[in-house]
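A.B. asks: Structure of the sequence below:
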Amino acid sequence: MEALVEIPDPLRSFPNLGESSDQGLLQWISAVDHKMLGILYLLVSLLFFLIGGAEALLMRIQLAQPLNHFLSPETYNQPENCGVMFLEVARFSVFYCR
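C.D. replies: Numbering: from 1, shown residues only. This next block holds a predicted model:
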């Protein structure tokens, strides 16, 4: 007997993606399919970019006027290092890791 092999439809860009499965989020976290990994990679890059952008916005509000007390000195120093890191991770992952 011959085993039937399902040939994917070339018009569908993501075969079996979005179909209901009992794995759910575990299917996305443990994915080995290059299309799902690419989507996850872009989503994580977008997340880092948004977090870093929010921290950069807080720093710009603080530096908009002299002697501004929008953020305390301790609060200002916390996101300064992280914000730069988040923006660099997002920039590196989108532009250099293709």
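
A.B. asks: Residue 68: what's its closest spatial neighbour, skipping adjacent residues?
C.D. replies: Closest residue to residue 68 apart from its sequence neighbours, by Cβ to Cβ, 6 or more residues apart in numbering: residue 62 at 5.6 Å. Glycine gets a C-beta too; all of them are placed from N, C-alpha and C.

A.B. asks: My read is that the one you found contacts residue 77, right?
C.D. replies: No. Contact between residue 62 and residue 77 fails when scored by Cβ atoms under 8 Å: they sit 10.7 Å apart.

A.B. asks: What segments of this structure are helices?
C.D. replies: Under the criterion DSSP state H, helices of the chain are mapped to 25-29, 34-62, 73-95.

A.B. asks: quick one: average confidence on the second one?
C.D. replies: It stands for helix 34-62. In this model, helix 34-62 has a mean pLDDT of 84.

A.B. asks: just checking, what packs against that helix?
C.D. replies: Secondary-structure packing of helix 34-62 (3 or more Cβ pairs under 8 Å, 6 or more residues apart in numbering; DSSP states H and E): helix 73-95.

A.B. asks: Looking at residue 62 and residue 77, which is more packed in?
C.D. replies: More neighbours surround residue 62 than the other of residue 62 and residue 77, with 18 against 10 (other Cβ atoms under 10 Å).

A.B. asks: what about that one, distance to residue 88?
C.D. replies: 20 Å (Cβ to Cβ, to the nearest Å).

A.B. asks: Kindly list the main-chain dihedrals of residue 68?
C.D. replies: When read as degrees, to the nearest 10, the backbone of residue 68 gives phi -80, psi 140.

A.B. asks: Sorry, wrong one. I was asking about residue 67.
C.D. replies: Dihedral angles (degrees, to the nearest 10) for residue 67: phi 60, psi 40.

A.B. asks: Which positions within stretch 33-46 qualify as buried?
C.D. replies: Buried residues in stretch 33-46, defined by neighbour count with 16 or more other Cβ atoms under 10 Å: 36, 45.
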